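Novice: Please find the sequence and the predicted model below.
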Amino acid sequence: MHVNSPRVLVWPNQSIFKHGILSGFPATFATADQLTKFLLYCRSKGKSGWPNVCFVIWESYAQRYFELPPDQIELFFEACRHVTMPLRDTSNWDNRLSAASGEAKQRMKGKCSVNAIHLALYLYSQNVTRMQTQKFSLRSEEFPERKAKKKGIDVRFIETFLTDIIKIIGEPESKSLPLDKQNLSLANIRSLGVIFTVYTDNQIRHLDEVLQQQTHASFCGFNKLMQSFSALQIRSWLLDHIHANPFTSKRCLMYGKAVYTKPGKLITRRSIDNTDVSTSTLTRCRVMINDHETPDGHRMVAMQYVCRQILVLSPEVLLGHRVHVSHCNDASLYFLSSVMSVTAKQCSRSTLVTGPVAGTIYLTGCVNVRLITIARRVILRNCHGCKVYLATPSRPLLLGGCTDITLAPHNTFYSGLQGHMQYASFSLAVNKWDSAAVPPLNSDYNDEKKVFQKMSPDQFHLFSIPFNTDGTTTVSLYSLLRTRKTHRDDHDHKQSISLEKRSKACYTSSYTPRCSKEEL
């Protein structure tokens, strides 16, 4: 994509504003004043609180001042780690945590840390849900003759509360000063970059790197000697360059390269390059890819209206891409590769099988969908009757509108699974497939059985992938799917252990013969 104006595009980080918002979990405590006090408290705790705050410091402050229940304290902290830290870092910590036991494990858990400013900005971003219920006075509403293009809720949130965001990250001694007299250090700008994505020169860059360039430094009030920026000029620069995310699934479906899909056939890079646009539009089914115009980290495969088909995408097509699926019915979709994220909307009576998902897999408005995945985070919203076979290091989130969700351990493998897990730096020393989190604002919160249940061991079965892929994995990776050792209800604990024993027993048994690519 070649963008002529503006030269630099800045948009809200989609990992936070799309997949990191825990709607249904009240965050009324996350005001600018409260979070400023929290950062002052972190600074007073020395190395255990600044620049990275340990879990035990966050826990004590949240219980005393935010009055949060223990499960929400852990949930907010865990979600912040997964959306702001690289997967390799969290996996290494999980490995160390799983190797410990008893009191040593509790001490290690208390030492788990995240950047304090990142945590404060993540908590403040939870207020984006207020934009859905409150009306804010925008320039386009005050001056109808100057109406701008329709803006997303995340962009409107940044424009409305950017002053408070700058106030949160500012230095303590200058917070009482007006904005035009405040300065932001280079470290503060780096922390601010966690909620922004910056695109320039056809690539994604860090915010602090762009602001230090000669073409932008003068407009941001950059003092090279003090290594600081003017807070007021930073605010003006961000407002001038804020933009909606240009690499969305809608744009991919409109301007991406069409892929002709033949039911049951493996989609490879060669088949994409040889696709004729005239043949790809013969059916309503649309499969598009945008890697010819998109920088790394935002490449996407988008598909729509895949009905009564078996769709298989090869690893060379999917590796490192984001996957977007919408309005698919009675379909079997296989994404057997390491992908950045998976989003499925308005699908029904379909099967989704994915390789390791380095980010979030997000299902919304799905009915009777079977999902088999290994993912860093799993979020379901407004889903009904779905069966989820998963392995995940974080608690699955079942947000508002979810009913009759069935959870079970991961139940399949394919030839390239081990290599893809290594590529994504995936480690599942901690597996929380059976610890779903339900928001208290869900109408069925008091009766979790209406929201989800664990699959009965008698109903658990293997899922055999009916084709071969390149790779050396011939046995299960169940050794990576170890159970967490926590104090739980006896019945639930026995059911989880029974399910995992059955899963392990099924894995050691032989699979049904698989078909080759030619037989499909």
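Specialist: Cool, got the structure.

Novice: So which residues of the stretch 401-520 of the chain form strands?
Specialist: Assigned by DSSP state E, counting those that start in this stretch, the stretch 401-520 of the chain shows strands spanning 405-409, 452-454.

Novice: for those, which one sits closest to Ile465?
Specialist: Among the strands of the stretch 401-520 of the chain, the nearest to Ile465 by Cβ to Cβ is strand 405-409 (16.7 Å). Backbone N, C-alpha and C define where each C-beta goes, glycine included.

Novice: could you say what helices and strands that closest one packs with?
Specialist: Where contact means 3 or more Cβ pairs under 8 Å, 6 or more residues apart in numbering; DSSP states H and E, strand 405-409 is packed against strand 387-391, strand 452-454, helix 490-508.

Novice: Let me know the average pLDDT across it.
Specialist: The pLDDT scores in strand 405-409 average 94.

Novice: Show me the strands paired with that strand, marking each as parallel or antiparallel.
Specialist: Strand pairing for strand 405-409, using DSSP bridges, gives strand 387-391 (parallel), strand 452-454 (parallel).

Novice: still on that earlier bit, now, of the strands of the stretch 401-520 of the chain, which is deepest in the fold?
Specialist: With neighbours defined as mean count of other Cβ atoms under 10 Å, the strands of the stretch 401-520 of the chain peak in mean count at strand 405-409, which reaches a mean of 21.

Novice: ok, residues contacting that one?
Specialist: Applying Cβ atoms under 8 Å, 6 or more residues apart in numbering, the external contacts of strand 405-409 come out as 380, 383, 385-391, 396, 398, 431, 433-434, 436, 451-455, 460, 481, 499-500, 503.

Novice: Go through the strands of the stretch 401-520 of the chain and name the closest to Tyr199.
Specialist: The nearest among the strands of the stretch 401-520 of the chain, by Cβ to Cβ, is strand 405-409 at 36.8 Å.

Novice: how about that closest one as PDB, C-alpha atoms only?
Specialist: Taking C-alpha atoms only, strand 405-409 is exported to PDB below (Å, rounded to 0.1, in the frame of the first residue of the first chain):
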ATOM      1  CA  ILE A 405     -20.100 -23.400  25.200                       C
ATOM      2  CA  THR A 406     -18.300 -26.700  25.600                       C
ATOM      3  CA  LEU A 407     -14.600 -26.800  26.500                       C
ATOM      4  CA  ALA A 408     -12.200 -29.700  26.000                       C
ATOM      5  CA  PRO A 409      -8.500 -30.300  25.600                       C
END
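
Novice: residues in contact with the spatially most central residue of the chain?
Specialist: Using Cα atoms, centre = their mean, the residue of the chain that lies closest to the mean C-alpha position is Thr360, 3.5 Å off. Neighbour list for Thr360: 15, 19, 341-342, 375-379 [criterion: Cβ under 8 Å, 6+ apart].

Novice: I'd like the strands of the stretch 401-520 of the chain written out as JSON lines, with distance to Asn95 added.
Specialist: JSON lines is the format used below for the strands of the stretch 401-520 of the chain (distance: least, Cβ to Cβ, whole Å):
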{"stretch": "strand 405-409", "distance to Asn95": "20"}
{"stretch": "strand 452-454", "distance to Asn95": "26"}
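
Novice: follow-up on the earlier one: mind checking how far the residue nearest to the centre of the chain is from Val378?
Specialist: To Val378, Thr360 is 7 Å away according to Cβ to Cβ, to the nearest Å.

Novice: distance of the closest residue to Ser415 other than its chain neighbours from Arg88?
Specialist: Using Cβ to Cβ, 6 or more residues apart in numbering and skipping the chain neighbours, the partner closest in space to Ser415 is Gly471 (3.3 Å). Note on Gly471: its distance to Arg88, by Cβ to Cβ, is 21 Å.

Novice: between those two, who's got more neighbours?
Specialist: A side-by-side neighbour count of Gly471 and Arg88, using other Cβ atoms under 10 Å, places Gly471 first with 16 against 13.

Novice: can you give me the end-to-end distance of stretch 192-204?
Specialist: Using Cα to Cα, to the nearest Å, the end-to-end distance of stretch 192-204 comes to 16 Å.

Novice: Tell me the buried residues in that stretch?
Specialist: Buried residues in stretch 192-204, counted by 16 or more other Cβ atoms under 10 Å: 192-200.

Novice: How far off centre is it?
Specialist: 17 Å (Cα atoms, centre = their mean, to the nearest Å).

Novice: which other residues reach stretch 102-114?
Specialist: The contact list for stretch 102-114 (Cβ under 8 Å, 6+ apart) reads 52-56, 59, 77, 80-81, 84-85, 93, 96-97, 100.

Novice: okay, the buried residues of stretch 192-204 in a markdown table with pLDDT next?
Specialist: Conversion of the buried residues of stretch 192-204 to a markdown table gives the following (pLDDT from 0 to 100):
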| residue | pLDDT |
| --- | --- |
| Leu192 | 91 |
| Gly193 | 90 |
| Val194 | 92 |
| Ile195 | 94 |
| Phe196 | 94 |
| Thr197 | 92 |
| Val198 | 93 |
| Tyr199 | 92 |
| Thr200 | 88 |
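
Novice: From these, which land in strands?
Specialist: Using DSSP state E, 196-200 are the members of the buried residues of stretch 192-204 that sit in strands.

Novice: Dump the strands paired with strand 405-409 to a markdown table, plus mean pLDDT.
Specialist: Compiled in a markdown table, those are given as follows (pLDDT from 0 to 100):
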| stretch | mean pLDDT |
| --- | --- |
| strand 387-391 | 93 |
| strand 452-454 | 92 |
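
Novice: Of those strands, give the one that comes closest to Gly320.
Specialist: Among these, the nearest to Gly320 by Cβ to Cβ is strand 387-391 (20.4 Å).

Novice: What's the end-to-end length of stretch 332-347?
Specialist: Stretch 332-347 has an end-to-end distance of 11 Å (Cα to Cα).

Novice: Equivalent analysis for stretch 211-221, please.
Specialist: Using Cα to Cα, one end of stretch 211-221 lies 10 Å from the other.

Novice: Repeat that for stretch 175-195.
Specialist: End-to-end for stretch 175-195, by Cα to Cα: 21 Å.

Novice: So what touches that stretch?
Specialist: Contacts of stretch 175-195 (Cβ under 8 Å, 6+ apart): 12-13, 16-17, 36, 51, 84, 115, 117-118, 121-122, 125, 158, 163, 165-167, 169-171, 174, 206-208, 211, 223, 226-232, 234-235.

Novice: on that earlier part again, for Tyr414, see how far away the residue nearest to Ser415 is.
Specialist: 7 Å.

Novice: How about Gln213?
Specialist: Using Cβ to Cβ, Gln213 is found at 45 Å from Tyr414.

Novice: Those two: who's more crowded?
Specialist: Shown here are Gln213 and Tyr414; by other Cβ under 10 Å, Tyr414 has more neighbours (22 against 13).

Novice: residues contacting that one?
Specialist: By Cβ under 8 Å, 6+ apart, the residues touching Tyr414 are 336, 355, 465, 469, 471, 473.

Novice: Return the distance of the closest residue in space to Ile465 that isn't next to it in sequence relative to Val325.
Specialist: Among residues not flanking Ile465 along the chain, Tyr414 sits closest, at 5.1 Å (Cβ to Cβ, 6+ apart). Per Cβ to Cβ, Tyr414 is found 19 Å from Val325.
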